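Trainee: model this:
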Amino acid sequence: MRKVWQRITDWEQWPFILIYSPLVFLWIYYAIRARAIWYFSPVNPQLEFSGFEGEGKREMYDLMPQQSYPTTIYIKPGLPFDELLRLVSNAGLSYPMVVKPDKGMQGILFRILHTSHDLKNYHKMMPVEYVVQRFVDLPLEFSAFHIRYPGQTKGKLTGFIQKQYLSVTGDGRSDLLTLIQQHPKAKLREADLRKKHAARLTEVLPAGETYYLSFAGNHNQGATFINLYNEIDDRLRLLFDTLSNECKTFYYGRYDLKCASLSDLKEGKNFYVLEFNGTGAEPNHIYDCNLSYFGALKEIARHWRDMYLIGRINHKQGVPYWSFRKGLAYLLNARKFFGMLRTFDIGHSNH
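Mentor: Got it, this is the predicted structure:
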């Protein structure tokens with residue numbers, strides 16, 4: 001009963017559709033003005049559906065300078081494992097390494113692999129194309145939401161947060177399941193975590209040992225966000241202005257990256273962009289930052305206004321709006337695809 005009450009009173013735990021439901025009328029307003037329900041579709045012209053949902057990692061990385069993201073290769077399902085090992089070797093990749101679907105979201109099927117046996121098992125069970133990527137062994141992960149208008153070289157950073165992965169700490173007495181049930185965020189995801197960590201639920205963690213329940217820096221996967229808006233300065237703005245301009249027509253979205261330190265990031269060194277997300281990216285600085293629900297809605301509305309205005313500018317320059325039929329078919333296929341991936345994710349342990 002306490003868990004149910006917490007879900008009711010904590011808006012951050014509400015289903016996505018419930019959080020956004022009061023903004024439906026704003027969406028309709030912009031759709032009427034644009035004369036297109038998918039009014040955002042011209043915003044990032046080089047991303048499929050403007051990066052709203054279902055875009056691949058490949059099209060994203062292809063826009064970026066090669067040195068700005070980790071070494072990455074793309075693997076199709078059914079590829080002979082010997083050929084996979086050859087590709088990994090030729091790319092200079094070594095363990096640990098990261099794997100994730102080329103078309104993925106919310107940390108679904110994200111894994112850190114430590115042995116060739118792990119890679120073989122992942123490859124065997126993956127039904128879709130995925131990426132193998134160098135593991136970035138840097139201590140800090142950040143998200144930065146950047147918006148730039150077409151024709152301008154300078155944009156604005158609307159949010160900047162640090163991410164902390166969902167984890168529990170052993171006390172030398174409690175088993176993993178008990179630690180999950182005692183954790184304020186993990187207990188809300190107990191059903192999924194029971195399946196993902198089934199092999200270790202009865203294990204007692206030594207006192208002080210950290211056990212990561214998820215390595216995905218997503219709010220829906222239980223990550224905690226630390227608001228660093230006060231750290232935004234001219235150096236940070238310049239860094240993301242530069243990245244945005246190098247990506248040419250990437251005008252609206254969120255960068256997720258890892259770096260050695262915040263000071264290094266501001267100097268533009270010792271960092272890698274893990275990925276960026278287009279119009280489907282949430283301004284995730286609304287979470288864990290003491291915003292009221294109405295404050296969060298106001299922040300989302302501000303971002304949607306920018307999204308509408310950028311789309312209108314690009315449309316006037318010749319980028320078409322997607323038709324209702326085309327967009328709906330695309331979204332239905334994407335939802336079906338991600339539903340299938342979730343089934344695989346829940347059925348296969350992270351550890």
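
Trainee: hey, let's count contacts and neighbours off CA atoms from now on
Mentor: OK.

Trainee: So for the residue nearest the centre of the chain, what pLDDT did the model give?
Mentor: For the chain, the residue lying nearest the average C-alpha position, counting by Cα atoms, centre = their mean, turns out to be residue 106 (5.3 Å). Among the per-residue scores, residue 106 holds a pLDDT of 75.

Trainee: do you know how far it is from residue 248?
Mentor: The span separating residue 106 from residue 248 equals 26 Å under the rule Cα to Cα, to the nearest Å.

Trainee: try residue 317
Mentor: In this structure, residue 317 and residue 248 are separated by 15 Å, where distance is defined by Cα to Cα.

Trainee: One more: residue 202?
Mentor: Counting by Cα to Cα - residue 202 and residue 248 are separated by 51 Å.

Trainee: ok, now residue 160?
Mentor: The spacing between residue 160 and residue 248, counted by Cα to Cα, is 22 Å.

Trainee: And residue 100, by the same measure?
Mentor: Summarising the geometry, the distance separating residue 100 from residue 248, computed by Cα to Cα, is 26 Å.

Trainee: Can you pick out the residue with more neighbours from residue 160 and residue 248?
Mentor: Between residue 160 and residue 248, counted using other Cα atoms under 10 Å, residue 160 has the larger neighbour count: 24 against 16.

Trainee: Now do the SS call for the more buried one.
Mentor: For residue 160, the secondary structure call by DSSP: H, G, I helix; E, B strand; the rest coil comes out as strand.

Trainee: Surely it is in contact with residue 229?
Mentor: Yes - A contact is recorded between residue 160 and residue 229 when judged using Cα atoms under 8 Å, the distance being 5.2 Å.

Trainee: can you list residues touching both of the two?
Mentor: The overlap between the contact sets of residue 160 and residue 229 (Cα atoms under 8 Å, 6 or more residues apart in numbering) is empty.

Trainee: Poorly predicted segments of the stretch 151-300 of the chain, please.
Mentor: In the predicted model, the stretch 151-300 of the chain carries pLDDT under 70 at residues 216-222.

Trainee: Which stretches in it count as strands?
Mentor: If you assign secondary structure with DSSP state E, counting those that start in this stretch, the strands in the stretch 151-300 of the chain sit at 156-164, 167-169, 210-212, 224-227, 252-259, 271-277.

Trainee: What is the subsequent helix or strand relative to the helix or strand hosting residue 73?
Mentor: Assigning secondary structure by DSSP states H and E places residue 73 in strand 72-75. Under the assignment DSSP H and E, the closest C-terminal helix or strand after strand 72-75 is helix 81-90.

Trainee: follow-up on the earlier one: list the buried residues in the strand holding residue 73.
Mentor: Judged by neighbour count using 16 or more other Cα atoms under 10 Å, the buried positions of strand 72-75 are 72-75.

Trainee: Pull up the pairing partners for that strand, direction included.
Mentor: In the sheet containing strand 72-75, the strands it pairs with under DSSP bridges are strand 130-134 (antiparallel).

Trainee: Packing partners of the helix or strand following the partner strand?
Mentor: Counting by DSSP H and E, the element after strand 130-134 in chain order, helix or strand, is strand 140-147. If contacts are counted by 3 or more Cα pairs under 8 Å, 6 or more residues apart in numbering; DSSP states H and E, strand 140-147 sits against strand 156-164, strand 252-259.

Trainee: What strands line up against the last one, and which way round?
Mentor: This means strand 252-259. strand 140-147 (antiparallel), strand 271-277 (antiparallel).

Trainee: Now do the longest one against strand 156-164: the angle between them, please.
Mentor: Between the axis of strand 140-147 and that of strand 156-164 there is an angle of 160 degrees, by axes from the mean of the first three to the mean of the last three Cα atoms, to 10 degrees.

Trainee: returning to what we had before: would a markdown table of the buried residues of strand 72-75 with distance to residue 306 and pLDDT be doable?
Mentor: Converted to a markdown table, those look like this (distance: Cα to Cα, whole Å; pLDDT from 0 to 100):
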| residue | distance to residue 306 | pLDDT |
| --- | --- | --- |
| 72 | 32 | 97 |
| 73 | 34 | 97 |
| 74 | 33 | 97 |
| 75 | 36 | 97 |
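
Trainee: Out of the residues you listed, which comes closest to residue 235?
Mentor: When those are ranked by distance to residue 235 (Cα to Cα), residue 72 comes first, at 28.0 Å.

Trainee: so that closest one bridges to which residues?
Mentor: Assessed by DSSP bridges, residue 72 has beta-bridge partners residue 133.

Trainee: What's the separation between residue 16 and residue 52?
Mentor: Residue 16 sits 15 Å away from residue 52, taking Cα to Cα as the criterion.

Trainee: Residue 177: neighbouring residues, count only.
Mentor: Residue 177, neighbours per other Cα under 10 Å, totals 20.

Trainee: Now do the contacts for it.
Mentor: Counting by Cα under 8 Å, 6+ apart, residue 177 touches 194, 201-202.

Trainee: Which of these fall in helices?
Mentor: residue 194 (DSSP state H).

Trainee: Now render the contacts of residue 177 as a markdown table, adding distance to residue 224 and neighbour count.
Mentor: Formatted as a markdown table, the entries for those read as follows, by distance: Cα to Cα, whole Å; neighbours: other Cα atoms under 10 Å:
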| residue | distance to residue 224 | neighbour count |
| --- | --- | --- |
| 194 | 20 | 17 |
| 201 | 23 | 17 |
| 202 | 25 | 13 |
